[in-house]
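Chemist: sequence and predicted structure are below.
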Amino acid sequence: MRDTAISQFGCIEFHSATEGRDEVALSYWPDEESIRAWKAHPDHILAQKSGRERWYESYSVQIAQIGREYRRQ
C-alpha cells in the first residue's frame, strides 16, 4: 500500500516504527485533498478493514500541518 500511496496519491514520505505492540506511522502529504483521495481508495479501505480485524484493537489518526521545519545534514 505504501508504494501505491507514493506513486498514485502523492505521498511524499512514509516512516513507521514498532516497539512491542505499539506502532507509530508518519506520512507526509502535499495537501489534505491528497489525504482524502488516499483514504477513499478501495484497496486502502480493504487494507484498513483487514488491519482492524487482524492487528489493531485500537488506533488514532492525527492530521497536522508543519508550520516550520529545521534540518541539519
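Modeler: Nice, thanks for sending it over.
Chemist: contacting residues around H44?
Modeler: By Cβ atoms under 8 Å, 6 or more residues apart in numbering, the contact list for H44 reads 1, 4-5, 38. C-beta here means a position set from N, CA and C on the backbone, and glycine is covered the same way.
Chemist: which of those sits closest to Q48?
Modeler: Of all the contacts of H44, M1 has the smallest distance to Q48: 9.3 Å, by Cβ to Cβ.
Chemist: tell me which stretches of this structure form strands.
Modeler: For the chain, the strands defined by DSSP state E occupy 13-19, 22-28.
Chemist: take these and lay them out in CSV including distance to I45.
Modeler: Listed next are the strands of the chain as CSV, based on distance: least, Cβ to Cβ, whole Å:
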stretch, distance to I45
strand 13-19, 18
strand 22-28, 16
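Chemist: between those, which gets nearest to S50?
Modeler: strand 22-28 (14.9 Å).
Chemist: nearest residue to the middle of this structure?
Modeler: Nearest to the geometric centre of the chain sits S27, at 4.6 Å (Cα atoms, centre = their mean).
Chemist: among the contacts of H44, name the ones in helices.
Modeler: When DSSP state H defines the helices, the subset of these inside them is 4-5, 38.
Chemist: so which of these is the most crowded?
Modeler: Of all the ones in helices among the contacts of H44, A5 has the most neighbours under the rule other Cβ atoms under 10 Å, reaching 20 neighbours.
Chemist: residues contacting I63?
Modeler: Taking Cβ under 8 Å, 6+ apart, we find I63 in contact with 32, 35.
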